[in-house]
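>>> Got a sequence here, can you model it:
(2 chains)
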Protein chains: 2
Amino acid sequence: MPQRARLARRLSVEQVEEGLVLAPKFGRDGLIPVVTTDADSGEVLMVATMDAEALLRTVDTREAHYWSRSRQRLWKKGATSGLVQEVVDMRIDDDQDAVWQCVRVRGSGASCHVGYRSCFYRSISLEPGEEGRPIALRQEEAARVFDPVEVYGDAPNPTRL
Amino acid sequence: MPQRARLARRLSVEQVEEGLVLAPKFGRDGLIPVVTTDADSGEVLMVATMDAEALLRTVDTREAHYWSRSRQRLWKKGATSGLVQEVVDMRIDDDQDAVWQCVRVRGSGASCHVGYRSCFYRSISLEPGEEGRPIALRQEEAARVFDPVEVYGDAPNPTRL
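A predicted model of the protein is given here:
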């Protein structure tokens, strides 16, 4: 069966918003944003993207797959690090252009390539700042869960300026 | 002071990942994805986008502002519906290209234009489906919190096919 047949065509606003078939809207780049939260703590671990193949593989295997924009390829989370994300719940939003999945992370439980549990390890200050100075961040996770050099070796850092 | 000076220039991977100044990366469209969760339940309410102005207004007012892609303009959440999102915590991710904010929603507490509490009111079935049929969804919120016709009147539906 063509994998694409598993994603319904988008026929009407009513079908998309109220229907009970998956009819996702991918952007012009073929990608859909995905929020991944920890099934136990509720914490947002990361925001990433999936293409149609990554979405279908995630549904079929219940292990999170993404489209890596920095590496421009399908990316099974944990393939290098062992920090596989087991999907326990997956949601689609009203207009079906965003995915939310709840996961349990294997191993040390971390999801961030910098070594923290969540990628969102810094908060944005909501206090009025100093005139002419950039808005401050505050470190929220005290320490790394793993050493990225040990886990990823000399693989290129995915962060792009 | 030019508002833009409140966002630092991105100078190095180390600064972006480990620094304590806000240096967000907007996409080519000038937008950054934002995940909004309920500060009390932890539930993901919506995924949307901000441009620089929406981000700064949110920080300054502690009320969520977004860039509406369907209406192509700054959008203060709740301006029409009264369902204002009060921001209690705001985070930035490792490479500073995604925002996570925790909010308390005024009024009925709903955030979805279809009338549900969360935009993610349907789950994606992870059970093997019927051959040749699209993947099924399941309704997770039993009932609407508000009637969208009553709240939005004849304002155009933002869902796009």
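>>> C-alpha from now on. contacts and neighbour counts both.
OK.
>>> Neighbours of the residue nearest to A:Pro148 when sequence neighbours are not counted, how many?
In space, and not counting its chain neighbours, A:Pro148 is closest to A:Gly115: 5.5 Å by Cα to Cα, 6 or more residues apart in numbering or on different chains. Counted with other Cα atoms under 10 Å in any protein chain shown, residues neighbouring A:Gly115 total 18.
>>> pLDDT wise, what is A:Gly115 at?
Per-residue pLDDT puts A:Gly115 at 91.
>>> which ones are touching it?
Counting by Cα atoms under 8 Å, 6 or more residues apart in numbering or on different chains, A:Gly115 makes contact with A:144-148.
>>> Check those residues against chain B and report the nearest one.
Taking Cα to the nearest Cα as the measure, chain B sits nearest to A:Arg144 out of those, at 11.6 Å.
>>> State whether that closest one is indeed within a helix.
No - counting by DSSP: H, G, I helix; E, B strand; the rest coil, A:Arg144 is not found in a helix; it is coil.
>>> Could you report the pLDDT at it?
A:Arg144 is given a pLDDT of 92.
>>> Report the contact partners of it.
A:Arg144 makes contact with A:114-117, according to Cα under 8 Å, 6+ apart.
>>> mind giving me CSV with the residues you listed and columns for distance to A:Arg6 and secondary structure?
Formatted as CSV, the contacts of A:Arg144 follow (distance: Cα to Cα, whole Å; DSSP: H, G, I helix; E, B strand; the rest coil):
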residue, distance to A:Arg6, secondary structure
A:Val114, 35, coil
A:Gly115, 36, coil
A:Tyr116, 35, coil
A:Arg117, 33, coil
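>>> any residue of the host helix or strand of A:Gln101 up close to chain B?
A:Gln101 is part of strand A:99-105 when elements are defined by DSSP states H and E. Yes - contact between strand A:99-105 and chain B, assessed by Cα under 8 Å from any Cα of the partner chain, occurs at A:Trp100.
>>> longest helix of chain A?
With secondary structure taken from DSSP state H, chain A has its longest helix at helix A:52-61.
>>> and whichever helix or strand comes after that helix, what does it pack onto?
Following helix A:52-61 in sequence order, the next helix or strand is strand A:65-68 (DSSP H and E). If you count contacts as 3 or more Cα pairs under 8 Å, 6 or more residues apart in numbering or on different chains; DSSP states H and E, strand A:65-68 packs onto strand A:44-50, helix A:52-61, strand A:73-76.
>>> Pick the most buried one from these.
For the helices and strands packed on strand A:65-68, average neighbour numbers computed from mean count of other Cα atoms under 10 Å in any protein chain shown are highest in strand A:44-50, which has a mean of 23.
>>> which residues of chain A score low on pLDDT?
Applying pLDDT under 70 to chain A flags residues A:1-2.
>>> Correct me if wrong: A:Ile92 contacts B:Ile135.
No - assessed by Cα atoms under 8 Å, A:Ile92 is found out of contact with B:Ile135, at 11.8 Å.
>>> Quickly list what's touching both of those two.
Joint contacts of A:Ile92 and B:Ile135 (Cα under 8 Å, 6+ apart) are B:Ile124.
>>> Quick check: phi and psi at the residue of chain A positioned farthest from its centre.
What lies farthest from the middle of chain A is A:Glu131; by Cα atoms, centre = their mean that is 35.2 Å. With angles defined as degrees, to the nearest 10, A:Glu131 sits at phi -50, psi 130.
>>> so how far is B:Arg6 from it?
Distance, A:Glu131 to B:Arg6, using Cα to Cα, to the nearest Å: 9 Å.
>>> can you check A:Asn157 too?
Distance, A:Asn157 to B:Arg6, using Cα to Cα: 27 Å.
>>> Please apply the same query to A:Ala98.
A:Ala98 is 29 Å from B:Arg6, where distance means Cα to Cα.
>>> okay, those two: which has more neighbours?
A:Ala98 (24 against 20).
>>> I'd say A:Leu126 and B:Leu55 touch.
No - with contacts counted by Cα under 8 Å, A:Leu126 stays clear of B:Leu55, the gap being 11.3 Å.
>>> wait, doesn't A:Ala23 sit right on A:Leu7?
Yes - in this structure, A:Ala23 is within contact of A:Leu7 by Cα under 8 Å, at 5.4 Å.
>>> quick one, which of the two is more surrounded?
Between A:Ala23 and A:Leu7, counted using other Cα under 10 Å, A:Ala23 has the larger neighbour count: 25 against 20.
>>> I'd assumed A:Val88 was in a helix, is it?
No - applying three-state DSSP, one finds A:Val88 to be strand, outside a helix.
>>> ok, it touching A:Ala64?
No - when contacts are counted by Cα under 8 Å, A:Val88 is not listed as touching A:Ala64 (10.2 Å).
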